[in-house]
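K.L.:
I would like to see how this sequence folds:
(chains A and B)
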Amino acid sequence: EAGVTQSPTHLIKTRGQQATLRCSPISGHTSVYWYQQALGLGLQFLLWYDEGEERNRGNFPPRFSGRQFPNYSSELNVNALELEDSALYLCASKGGLAGPRGYNEQFFGPGTRLTVL
Amino acid sequence: AQSVTQLDSQVPVFEEAPVELRCNYSSSVSVYLFWYVQYPNQGLQLLLKYLSGSTLVKGINGFEAEFNKSQTSFHLRKPSVHISDTAEYFCAVSRNSGNTPLVFGKGTRLSVIA
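P.N.:
Take a look at the predicted model:
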């Protein structure tokens, strides 16, 4: 079974540009989570999509946005890039049916390394 | 809201020695607890999780963790480390509703020395 895939692996942009990152979840998974892993800040929750809807967002400005497509893949868009947006962006997917005690594991992709110059 | 504190940013240890990576959490509601490992240039892999029940949780690669509710801790242990255990380790928490995002600590870099 294929895992979570993300593209591109690396992305280099300049300040003020827009970046688009893509995530394909594990087959059968309907939820997609985006996390930012910036140097010194650890992993921070960005966005959560489920069944095509945005369910929750973390403490990030509106220039971070995204969407989920009918096939459950997802896009993360970052507008007006700033130097501090340089980070590893991780996507995770989760199945729709709850497992024991209402828990389902999040499976992570390898990430997209975004560098803003 | 939940928060996680990993008390050590870096832990060097000799090969075949035991190791403990410390994690404390804060939450006003019941939580699930996790440890993830991140090898260089890779995503996160789940090592183990505590949902409920026995407070001693065994995971992959010989790791285990103990949930201590009174001390709000979830320390990760391994009795004998290998060079291949060199990686970044993240403790995480989520509300026990099953659908909430994970809140991560800032990570502990484990360096195993030959």
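K.L.:
What ranges in the chain fall below the confidence cut-off?
P.N.:
You didn't pick a chain, so chain A it is. Residue ranges of chain A with pLDDT under 70: A:1, A:96-103.
K.L.:
Correction: the question concerned chain B.
P.N.:
B:97-99.
K.L.:
Quick check, B:H82 in contact with B:A17.
P.N.:
No - taking Cβ atoms under 8 Å as the definition, B:H82 is not a contact partner of B:A17, at 10.5 Å. C-betas here are computed from N, CA, C, even on glycine.
K.L.:
residue ranges of the strands in chain B, please?
P.N.:
B:3-6, B:10-14, B:19-21, B:23-26, B:31-38, B:44-50, B:56-58, B:64-68, B:73-78, B:87-95, B:103-104, B:108-113 (DSSP state E).
K.L.:
so A:A19 bridges to which residues?
P.N.:
Partner residues in beta bridges with A:A19, using DSSP bridges, are A:V78.
K.L.:
Around chain B, pick out the residues from chain A.
P.N.:
A:4, A:31, A:33, A:35, A:40-45, A:48, A:50, A:55-56, A:58, A:90, A:92, A:98, A:100-106, A:108-111 (Cβ under 8 Å from any Cβ of the partner chain).
K.L.:
And these, which of them are buried?
P.N.:
When the residues of chain A next to chain B are checked for burial by 16 or more other Cβ atoms under 10 Å in any protein chain shown, the buried set is A:4, A:31, A:33, A:35, A:42-45, A:48, A:50, A:55, A:58, A:90, A:92, A:103-104, A:106, A:108-111.
K.L.:
which residues touch A:G109?
P.N.:
By Cβ atoms under 8 Å, 6 or more residues apart in numbering or on different chains, the contact list for A:G109 reads A:3-6, A:23, A:90-93, B:43.
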